[in-house]
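Sequence unavailable; structure follows:
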């Protein structure tokens with residue numbers, strides 16, 4: 001999103017996380033802009049300890065900005081899904097960067113709007129639609145985000161389950177059903193859309 005050179009010019013510091021290391025917890029205070037070199041998931045824990053993944057963010061992506069800009073506590077936790085690094089920029093420096101770089105500010109605003117649209121779509125899917133529909137909506141969203149007509153989905157069945165609020169067993173059954181209906185295909189256990 002924002003060039004690493006620009007972030008470093010504004011004194012961003014690089015931090016490293018091991019696999020599954022928690023960066024912050026739900027309810028924690030926000031004070032930094034984070035940009036990823038690796039992969040981070042944002043999640044909520046249910047009463048029974050099951051994770052509901054709000055999003056998975058990869059190289060060059062940022063996350064957790066609404067609490068930073070809105071001065072409220074994190075509505076979800078964040079942890080690394082693999083060994084990762086982050087560029088961490090204090091809020092005051094981040095705001096200065098946005099003010100001094102209107103093109104970055106405008107691109108950032110567009111990104112936040114896309115994330116709001118995704119949240120609205122997923123909220124609707126999780127609350128009222130059957131599993132196959134939820135999965136297809138998620139996969140179509142990923143396809144559109146990658147500007148691709150055909151795409152090999154790199155998410156695991158577990159990640160799909162976490163992103164749709166389904167059990168892994170339900171995801172596996174639903175994917176087999178969608179394959180039988182020729183809505184998607186599998187190659188070496190990878191989903192092709």
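Everything's here; your move. Keep in mind it's a predicted model, so treat the numbers as computed, not measured.

Apart from its chain neighbours, what residue comes closest to residue 33?
Closest residue to residue 33 in three dimensions, ignoring its sequence neighbours and counting by C-beta to C-beta, 6 or more residues apart in numbering: residue 94, at 4.0 Å. In short, each C-beta sits where N, CA and C put it, glycine included.

For the one you found, which residues are in contact?
Residues counted as contacts of residue 94 (C-beta atoms under 8 Å, 6 or more residues apart in numbering) are 10, 32, 33, 68.

Does it lie in a helix or a strand, and which?
helix 91-100 (DSSP states H and E).

immediately after that helix, which helix or strand?
Reading on from helix 91-100 to the C-terminus, the next helix or strand found by DSSP H and E is helix 102-128.

Could you point out the helix or strand that follows that next one?
helix 131-145.

pLDDT of that next one, averaged?
For helix 131-145, mean pLDDT is 89.

I'd like the next helix or strand past that helix.
strand 152-153.

follow-up on the earlier one: of the contacts of residue 94 - the most surrounded one?
Neighbour count (other C-beta atoms under 10 Å) singles out residue 33 as the most crowded of these, with 28 neighbours.

Now do the buried residues in the helix holding residue 94.
93, 94, 97, 98 (16 or more other C-beta atoms under 10 Å).

Also stretch 71-81?
74, 76, 77, 78, 79, 80, 81.

now swap in stretch 152-170 and tell me
So, applying 16+ other C-beta under 10 Å, buried residues of stretch 152-170: 153, 155, 157, 159, 160, 161, 162, 163, 164, 165, 166, 170.

Kindly report the same for stretch 129-139.
131, 132, 134, 135, 136, 137, 138, 139.

Could you do stretch 120-128 as well?
122, 125.

go on, stretch 175-188?
175, 178.

which residues of the protein score low on pLDDT?
Residue ranges of the chain with pLDDT under 70: none are present.

How about the contacts made by residue 141?
Here residue 141 is in contact with 118, 121 (criterion: C-beta under 8 Å, 6+ apart).

Next, work out how far apart it and residue 119 are.
As defined by C-beta to C-beta, to the nearest Å, residue 141 lies at a distance of 11 Å from residue 119.

do the same with residue 28
For residue 28 relative to residue 119 (C-beta to C-beta), the value is 20 Å.

And for residue 10?
28 Å.
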